[in-house]
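Asker: Pasting the sequence and the predicted model now:
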Amino acid sequence: MDYLKTDEEQGEALKRWLAQNGLGLLIAIAVGVGSVLGYQQWQQHQVNQKTDAAGRYQELIELAAIDFSNEDTDADFRRVLTVADGLRQAHPDSNYAAIGAGIVAAQAVERGDFDLAVSQLTFAEAQVELPELRAMVSLRLAQLELELGQVDAALRRIRGLSDGYFSGSRHELEGDILVAMDNLVGAREAYSRAHTSLTEAGLNTAVIDLKLSSLPEG
C-alpha cells in the first residue's frame, strides 16, 4: 500500500510525476500567483483612483466657498476650471466628475457666465448615474434655460422629469416658466400642484403661497 512505500520509492515516484506533470504544474502555479497579484494590483489601482478623485473633488469643494462674484477671484476661478477639467479627464465616468461639473456651473452662475454653466450641467446630466442627482441637474438646467429666455426648452425639460423626484420644486419651476410664457392659468395649476407636494412632504409653502397670491384672479 502507498503508506508502506519507502522514502526512496516515494522519492522516485515524485520524480516521475514531476517529469510528467511538472511543467503544467509550474504554469498553473505561475498563472495562479499572477492572477492573485493581478487582482491585488487591480484593487490597489481602484483604491488609488478613488483616492485621487476624492482629493480633486475635495479641492473643488474648498474652492467653492469663495465668492466668485468678486472681480479679484479670477485666479481662483481658473483654478476651479483646472481642477474640474483634471477630474473629468482622469475620472470621466465617475459621479465625482459629474458633481464637479455641477460645482463649476454654480460658480459660473455667480460670475454671470451662463453659457459655461449650461455646458457643465449638460455634461453632468449625461454623465451622472444616480436618478436623484440627474433630476437635480435637470432642474438646474431648466432654471438656467429660463434665465436665458429659452422657455420652450425649459418647459420641455421640466415636463420630461420623472414624478418621483423633487416634485415640489419641479412644479414650482414649471409655474415660473409658464408665467414667463404668459400662461397664467397653467402657472396657477402648476403652483397648486407644487403647494400640494410641499404640504405632503411637510415642507414650507411660503414662497409658493406668495407666487399664487401674486397671480391675477381668473
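Answerer: That came through, no problem.

Asker: for the record, mean pLDDT for stretch 202-218?
Answerer: Taken as a whole, stretch 202-218 carries a mean pLDDT of 89.

Asker: Check the offset of that stretch from the chain's centre.
Answerer: 32 Å (Cα atoms, centre = their mean, to the nearest Å).

Asker: what sits up against the helix or strand harbouring D74?
Answerer: Following DSSP states H and E, one finds D74 within helix 74-90. Residues from elsewhere that reach helix 74-90 (Cβ atoms under 8 Å, 6 or more residues apart in numbering): 52-53, 56-57, 59-60, 63-64, 66, 68, 96-97, 100-101, 103-104, 107, 111, 120, 123. From N, CA and C alone the C-beta is placed, and that goes for glycine too.

Asker: So which of those belong to strands?
Answerer: The members of the contacts of helix 74-90 all map outside strands under DSSP state E.

Asker: Weed out the non-buried ones from those residues.
Answerer: When the contacts of helix 74-90 are checked for burial by 16 or more other Cβ atoms under 10 Å, the buried set is 53, 56-57, 59-60, 63, 68, 96-97, 100-101, 103-104, 107, 111, 120, 123.

Asker: From T199, how far off is the nearest residue to P92 once chain neighbours are set aside?
Answerer: Leaving aside its sequence neighbours, P92 sits nearest to Q127 (Cβ to Cβ, 6 or more residues apart in numbering; 7.6 Å). Q127 is 34 Å from T199, where distance means Cβ to Cβ, to the nearest Å.

Asker: Same drill for those two, tell me which one is more crowded.
Answerer: A direct count of neighbours by other Cβ atoms under 10 Å for Q127 and T199 places Q127 higher, at 19 against 13.

Asker: Got the domain ranges for the protein?
Answerer: Domains of the chain are assigned by automatic domain parsing as 39-129, 151-218.

Asker: Take the ones you listed and write them to JSON lines, including distance to V137.
Answerer: Shown next, in JSON lines, are the domains of the chain (distance: least, Cβ to Cβ, whole Å):
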{"stretch": "domain 39-129", "distance to V137": "5"}
{"stretch": "domain 151-218", "distance to V137": "10"}
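
Asker: Relative to L144, which of the ones you listed is closest?
Answerer: domain 39-129 (5.5 Å; Cβ to Cβ).

Asker: quick one, helices of the protein?
Answerer: Along the chain, the segments classed as helices by DSSP state H run 7-63, 74-90, 95-110, 114-127, 131-147, 151-159, 167-180, 184-200, 206-214.

Asker: Name the residues that touch the third one?
Answerer: Looking back up the chat, that one is helix 95-110. Under Cβ under 8 Å, 6+ apart, the answer for helix 95-110 is 53-54, 56-57, 60-61, 63-64, 66-69, 77, 80-81, 83-84, 87-88, 91, 114, 116-118, 120-121, 123-124, 127-130, 133, 137, 140, 144.

Asker: Output that helix as CSV, nothing but the C-alphas.
Answerer: Only the C-alpha atoms of helix 95-110 are listed here, as CSV (Å, rounded to 0.1, in the frame of the first residue of the first chain):
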residue,chain,number,x,y,z
ASN,A,95,-20.1,60.7,-10.2
TYR,A,96,-17.2,62.9,-8.9
ALA,A,97,-16.7,64.3,-12.4
ALA,A,98,-20.4,65.0,-12.8
ILE,A,99,-20.8,66.6,-9.4
GLY,A,100,-17.6,68.6,-10.0
ALA,A,101,-19.2,69.9,-13.2
GLY,A,102,-22.2,71.0,-11.1
ILE,A,103,-19.9,72.9,-8.8
VAL,A,104,-18.3,74.7,-11.7
ALA,A,105,-21.7,75.5,-13.0
ALA,A,106,-22.8,77.1,-9.7
GLN,A,107,-19.6,79.2,-9.6
ALA,A,108,-20.1,80.2,-13.3
VAL,A,109,-23.6,81.4,-12.5
GLU,A,110,-22.1,83.6,-9.7
